[in-house]
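S.K.: Sequence first, then the predicted structure:
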Amino acid sequence: MKKSALFLTLILLLATALFGCGNNEKTNKNDTKEGSKKQLTVYTTIFPLEDFTKKIGGDLVNVKSIYPPGADAHTFEPTSKTMVDIADGDAFIYTGVGIEGFAEKAKESLKNENVKFVKAGEGIELLSNEHEEHAHEEEHDHDHGDTDPHIWLDPVLSIQLAENIKNALTELDPDNKKQFDNNYEALKANLEALDKQFKTVVEKAPKKEILVSHAAYGYWQERYGIEQISVLGLSPTQEPSQKQLQNIIETAKKHNIKYVLFESNVSSKISDIVKNELHAEALTLHNLESISEKDVKNNEDYFSMMEKNIKTIEKALLH
């Protein structure tokens, strides 16, 4: 009996030693792979937040958007798996300006998890519903809600988004503050250059009106004087009445509009009706809420997509 007990004890000790060696080996491999830099895992919503976080975080941050390609940010709802992923991450970055209807509920559901919720739009003054209605009262006055959430389309406001992201990453990883600061400054310089491109194009244009399928471009009016005539409201689910639709068509004719600017992730039969009624040509704008699989394969980023938008605006305003 004593020999059997001793033999069993030796087996248990050997197993424990082997298990410990296995764990140490795993830890050492991870240390060698990552070095002294431990990657943060960050989940985001709209594409600009994903792109800005990648640019600021560099190799220190593993960034993933919860939006699939082509998603509509206004109607997206996360799955239970997505919620688990967010809970396992270090941070969840969202705009916090009303476009992600699920975000506050998610924050409440995950309040006991060790994940930082970051409102990238914190401190940005939003355009009000009154601004939108006043600016377009001759066309129509959809019920757009209280504020316009599309702040990322303004390069100047995007600097604030980027700064808030940089500050959040620094809080999570203060040892790498210098790298985050340097990457942010490079991003800020590119956003300032993009702002100048917008100004140059709009200033030389003979007219300022564009006809868009979705009223996502109020910040361009505020910043650059581009006047959007929109078919749908701030959310693509907000459709005009028959009277409002007629007003849109009459206003477009009044301004000699020759193009309707559609979006790759928003389809609307009503916008098609307007285009056909005006005998207008279709162009594409990118609202950047999400990007397509093709854009992902082409390694598009915020700046390449916005430069395409500038070219589209230039064509629409020059003809």
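M.R.: Noted; the coordinates are in hand.

S.K.: which residues sit in contact with Met305?
M.R.: 47, 286, 288, 291, 295 (CB atoms under 8 Å, 6 or more residues apart in numbering). (Glycine included, C-beta is placed from N, CA and C.)

S.K.: burial of the second one, as a residue count?
M.R.: By other CB atoms under 10 Å, the residues close to His286 number 23.

S.K.: my guess is it meets Glu307, correct?
M.R.: No - contact criterion CB atoms under 8 Å: His286 and Glu307 do not qualify, at 10.2 Å.

S.K.: what does stretch 283-299 contact?
M.R.: For stretch 283-299, the surrounding residues in contact (CB under 8 Å, 6+ apart) are 46-48, 65, 67-74, 99, 150, 152-153, 212, 214, 216-217, 259-266, 300, 302, 305-306, 308-309, 312-313, 315-316.

S.K.: Please report the distance of the residue sitting nearest the centre point of the chain from Glu239.
M.R.: Within the chain, one residue has its C-alpha closest to the average C-alpha position: by CA atoms, centre = their mean, that is Ile46, at 2.2 Å. When CB to CB, to the nearest Å is applied, the distance between Ile46 and Glu239 equals 23 Å.

S.K.: can you check Val202 too?
M.R.: Between Val202 and Glu239 the computed distance is 29 Å (CB to CB).

S.K.: Chain neighbours aside, what residue packs nearest to Leu317?
M.R.: Leaving aside its sequence neighbours, Leu317 sits nearest to Ala205 (CB to CB, 6 or more residues apart in numbering; 3.6 Å).

S.K.: Look up the pLDDT of His279 for me, please.
M.R.: The pLDDT attached to His279 in the predicted structure is 93.

S.K.: can you list the weak-confidence ranges in the chain?
M.R.: Low-confidence segments of the chain, defined by pLDDT under 70, span residues 1-37, 129-145.

S.K.: rerun that using 90 as the cut-off
M.R.: Using pLDDT under 90 as the threshold, the predicted model of the chain has low-confidence ranges 1-38, 70-75, 101, 128-146, 214, 232-239, 263-271, 318-319.

S.K.: per the record, what domains does it have?
M.R.: Dividing the chain into domains by automatic domain parsing, as the record does, gives the ranges 40-189, 205-318.

S.K.: Ends of the longest one, what's the gap?
M.R.: Counting by CA to CA, to the nearest Å, you get 25 Å between the two ends of domain 40-189.

S.K.: what do you get for the shortest one?
M.R.: Its first and final residues considered, domain 205-318 spans 6 Å by CA to CA.

S.K.: 605 is where my numbering starts, stick with that
M.R.: In the new count, where the first residue is 605, that last one comes out as domain 809-922.

S.K.: any idea where the strands of the chain begin and end?
M.R.: Secondary structure of the chain, counting by DSSP state E: strands at 644-648, 665-669, 695-698, 720-723, 731-732, 751-752, 813-818, 831-836, 863-867, 885-889.

S.K.: Report the strands that pair with the fifth one, each with its relative direction.
M.R.: What that stands for is strand 731-732. strand 751-752 (antiparallel) (DSSP bridges).
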